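Novice: the amino acid sequence is not available; the structure is as follows:
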């Protein structure tokens, strides 16, 4: 009833199935491979076959029936006269620990009780690695990918080399290479016709290497943990990615490095950061560089500092002092002009005020071990992997950097990015700016500030109760409605009580003293966080700018308005924007199309000039991510 099913025996070792027709409603997962010698796995030429082997592209017939008719396993491998290796591969796939979290045997690849470590980042298979491993061997017809009759293939050896060097990507080699798997390259050739024990070991080795390949492919493309567990609520869809196909490409590639590079994020600054990782990993092999003489008091230009020679060596090593300047003054204990200039450059790269003075904060940054800088880079690379490719020019805010980047194209190149300083939320948990993504859809000129109830109750209500005139002095209004047109109510005891109960609300009138400044940029989200200008311009001079209640204050609102309104109706020139900001009316202007805004968190930036900038972990995001990844102490 399923059409014409014909079993054809072409040789004593070859079997295939011809399916002429089958109903669409049946299982489509299985395509019986043909044209292979089932013992060696090699293709059989047409001339050597005693019959014509044919099958449809996708045989649509229940797997159980097909297994009865043709002796086919659920991985798609022929079981009639099947080699021990392919039989063992199916068992190895079924028992594989794709997460790499098992307490695996250090000396064998045999199955062990799969008790995942509680802190293993891959203990939940969120990217479907188990299913991808099954697909790898379905597509191969149950044949090994990495090991043939002569032993490991060149591609297997190349992959093993990449796994050993996983730290070049900011990953840990031990997450991919068990001691037993690492020894594959050292083994003598494997005899494909050997007994069952040898076949089992061969199958386990092949499947273990495929599982390791899947892990590093997934980790490089998606990252090692679910971003949401680290507080990244981006909710931006990723393009589909075929993990199994990537492993297949690795198994036949001439250059494993090129395949992995294509899998990684394609951002230019990701690539710059990987290059910086290599440099700082080399520096971490010289821990003596960051050991400076104690700082008794701040050292200024022209003063004597016993650690000046060591300080010059350090600044030369990190690129802040030209080698020629350092060599000329190598034994000099004086904190001279070139040294002060190098300190100012170092300070600028580390989020410090670039005053050229060797003070306490600068000394702490100078003596931070390079192993810590390596860890910062590794964690920031992980966060880059969480980002989707840009399908339109975004706006990005990096919280620890206190910096906004408005892209003019989807390429992350400095020349096409508008940049400006920002102020973000305070370090207290309830005031921290969240990490999320949303679409900016409109701007408001001369906005009211609708004061959140929590801020009003905690920071303003006591002053209003003590002095009702405080409302007028701060240009505030008590209102009943939810719109800007709601009329102001008198400041009476009854209305203050209703305000305290949340029945009325408090707002600040538009004007130069309004906390939102003269323009706000709206990206509707459940955090009620948006971008806006500010009357407190002096705060942008501070190196650590954590002053807001969570919203983001921008230092150049006019340029940002030009950027987001460049295609909006009304020909929004700089002059027109300034006129609207300083006019008399509140005005809302919709963007021509939404702009994706991504509020991110990264404590390192590798720049196009070659400098590497490090930022303080202001919200403890690095510590949290370290814990999620189960990383060992820095070394």
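Specialist: Yes, it's here. Keep in mind it's a predicted model, so treat the numbers as computed, not measured.
Novice: domain-wise, how is this structure divided?
Specialist: As given by automatic domain parsing, the domain ranges for the chain are 5-70, 85-264, 287-368, 390-447+510-601, 462-505.
Novice: so which bits of stretch 447-458 are buried?
Specialist: 447, 448, 449, 450, 451, 455, 456 (16 or more other C-beta atoms under 10 Å). Quick note: C-beta positions are derived from backbone N, CA and C, even for glycine.
Novice: check the secondary structure at the nearest residue to residue 129 once chain neighbours are set aside for me.
Specialist: Excluding the flanking residues, the one nearest residue 129 by C-beta to C-beta, 6 or more residues apart in numbering is residue 98, at 4.4 Å. Following DSSP: H, G, I helix; E, B strand; the rest coil, we place residue 98 in the coil state.
Novice: what of residue 136?
Specialist: What three-state DSSP gives for residue 136 is helix.
Novice: which residues outside the helix or strand harbouring residue 155 are in contact with it?
Specialist: Per DSSP states H and E, residue 155 falls inside helix 154-164. For helix 154-164, contacts defined as C-beta atoms under 8 Å, 6 or more residues apart in numbering pick out 146-147, 152, 173, 176-177, 181-182, 184-185, 209, 212-213, 216, 250-253, 255-257, 260.
Novice: would you mind listing which of those are buried?
Specialist: Among those, those buried by neighbour count (16+ other C-beta under 10 Å) are 146-147, 152, 176-177, 181-182, 184, 209, 212-213, 216, 250-251, 253, 256, 260.
Novice: how distant is stretch 229-247 from the center of its chain?
Specialist: 10 Å (C-alpha atoms, centre = their mean, to the nearest Å).
Novice: what's the mean pLDDT across that stretch?
Specialist: Mean pLDDT, computed over stretch 229-247, is 92.
Novice: end to end, how far does it reach?
Specialist: The straight-line separation of the ends of stretch 229-247 (C-alpha to C-alpha, to the nearest Å) is 27 Å.
Novice: and stretch 419-432, by the same measure?
Specialist: Using C-alpha to C-alpha, one end of stretch 419-432 lies 22 Å from the other.
Novice: and it, average pLDDT?
Specialist: Stretch 419-432 comes out at a mean pLDDT of 97.
Novice: how far away is residue 408 from residue 417?
Specialist: Distance check for residue 408 against residue 417: by C-beta to C-beta, to the nearest Å, it reads 7 Å.
Novice: helices - which of the contacts of helix 154-164 land there?
Specialist: Among the contacts of helix 154-164, DSSP state H puts 181, 182, 209, 212, 213, 216, 250, 251, 252, 256, 257, 260 in helices.
Novice: before we move on, back to that, more neighbours, residue 408 and residue 417?
Specialist: residue 417 (17 against 13; other C-beta atoms under 10 Å).
Novice: is the more buried one bridged to anything, and to what?
Specialist: residue 407 (DSSP bridges).
Novice: quick one: it and residue 403 touch, right?
Specialist: No: judged on C-beta atoms under 8 Å, residue 417 makes no contact with residue 403 at a distance of 10.4 Å.
Novice: for the stretch 451-600 of the chain, what spans make up the strands?
Specialist: For the stretch 451-600 of the chain, applying DSSP state E, counting those that start in this stretch gives strands covering 476-479, 488-489, 505-508, 519-522, 531-532, 546-548, 552-554, 587-600.
Novice: compare these and give me the one nearest residue 347.
Specialist: Ranking those by proximity to residue 347 (C-beta to C-beta) places strand 546-548 first, at 18.5 Å.
Novice: show me how far that closest one is from its chain's centre.
Specialist: Its chain's average C-alpha position is 25 Å from that of strand 546-548, according to C-alpha atoms, centre = their mean.
Novice: what's it packed up against?
Specialist: On a contact count with 3 or more C-beta pairs under 8 Å, 6 or more residues apart in numbering; DSSP states H and E, strand 546-548 meets strand 417-425.
Novice: my guess is the residue nearest to residue 129 meets residue 131, correct?
Specialist: No: using C-beta under 8 Å, residue 98 is not in contact with residue 131; the gap is 9.3 Å.
Novice: which of the two has more neighbours?
Specialist: residue 98 (24 against 13).
Novice: ok, the more buried one - contacts?
Specialist: By C-beta under 8 Å, 6+ apart, residue 98 lies in contact with 122, 125, 129, 130, 133, 211, 214, 215.
Novice: how close does the closest residue to residue 578 other than its chain neighbours get to residue 224?
Specialist: Distances taken as C-beta to C-beta, 6+ apart put residue 558 closest to residue 578, at 6.4 Å, once the chain neighbours are dropped. Note on residue 558: its distance to residue 224, by C-beta to C-beta, is 42 Å.
Novice: ok, these two, which is more surrounded?
Specialist: A count of neighbours by other C-beta under 10 Å puts residue 224 above the other of residue 558 and residue 224, at 21 against 16.
Novice: so how far is residue 99 from the more buried one?
Specialist: Using C-beta to C-beta, we find residue 224 at a distance of 11 Å from residue 99.
Novice: kindly report the same for residue 147.
Specialist: 23 Å.
Novice: again, but for residue 137
Specialist: Using C-beta to C-beta, residue 137 is found at 18 Å from residue 99.
Novice: the two: who's more crowded?
Specialist: Shown here are residue 137 and residue 99; by other C-beta under 10 Å, residue 137 has more neighbours (28 against 20).
Novice: confidence score at that one?
Specialist: What the model reports for residue 137 is a pLDDT of 94.
Novice: and for residue 357?
Specialist: For residue 357, pLDDT reads 98.
Novice: go on, residue 116?
Specialist: 40.
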